[in-house]
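# okay, structure incoming, though there's no sequence with it:
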């Protein structure tokens, strides 16, 4: 991308095709990449020239418009129930621990619910995260009904004044109807246990998933009515462009980014900063 942007000051069809290819390679997807290229070409035409600065500015603006749905001014309600969902290995349990630590440091009384009762490692991992974050954890015997854990956790948490209840759920394939039905049950039980309290349903996505993340989000959104996304594992080689496609095609806002393994390595999504990282500022040769 950087090599393209600091190349010759022109914007011919071949350049647009190459730009589209670079955007697709950054995981934006064909549909989104094509729409962005069209906007960039129109913007450059209005400017009357296509030097590197203008081309970069038009490209950044086109991407930023799509990320504007991320609502950077958004704040969690108080109290609030946050259900974390997603496929196996996306980083839900780690995200639950980091969220608990973050909200606790903000002065909120946090409770973690270990509703992934089928994977013993998840319960042990969340126990460790709860200790590190210094927050209360509710867990049950291995193999217990997840919905029962959620009900007991929310009832207990609210009774003891918790204003942020984070629920870690078991990983599941987005195309397995029986597993999705279990998530519906957890959401319904949460509403019964905490009536009238806002319920966030966040899909945790591995940034390395690429375009498969779009199909995951579509299915979870159709089945659950998602309210946001958390993108994890952005500390490695992940390109992260899938965020742009998710915002544009599904209208789902990104809430947080996981950028490391530490308690503090979960940061609020900042669209302008993300755009700067995704689209480098070219070195303009004078």
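Received the coordinates, thanks. Everything quoted here is computed from the prediction, not taken from an experiment. Residues are numbered from 1 along each chain as shown.

# and the nearest residue to residue 198 once chain neighbours are set aside, which of the three is it?
Among residues not flanking residue 198 along the chain, residue 77 sits closest, at 4.2 Å (Cβ to Cβ, 6 or more residues apart in numbering). Placement of C-beta: from N, CA and C, glycine included. With DSSP: H, G, I helix; E, B strand; the rest coil as the basis, residue 77 sits in coil.

# now do the one 10 residues further on
Taking three-state DSSP as the rule, one finds residue 87 in the coil state.

# same question, residue 84
Once three-state DSSP is applied, residue 84 turns out strand.

# and it, bridged to which residues?
Using DSSP bridges, the beta-bridge partners of residue 84 come out as residue 168, residue 202.

# related to what we said a few turns ago, now the residue nearest to residue 198: how far from residue 103?
To residue 103, residue 77 is 12 Å away according to Cβ to Cβ, to the nearest Å.

# who has more neighbours out of the two?
residue 103 (21 against 13; other Cβ atoms under 10 Å).

# just the element for that one, please.
Per DSSP states H and E, residue 103 falls inside helix 92-105.

# mind listing the residues bridging to the most centrally placed residue in the chain?
The centroid of the chain falls nearest to residue 230 when counting by Cα atoms, centre = their mean (2.2 Å). The partner list for residue 230 in beta bridges (DSSP bridges) reads residue 204, residue 256.

# now the helix holding residue 103: buried residues?
Neighbour counts over helix 92-105 (16 or more other Cβ atoms under 10 Å) mark 92-104 as buried.

# next secondary structure after it?
Following helix 92-105 in sequence, per DSSP H and E, is strand 110-114.

# burial of residue 55, as a residue count?
Residue 55, neighbours per other Cβ under 10 Å, totals 26.
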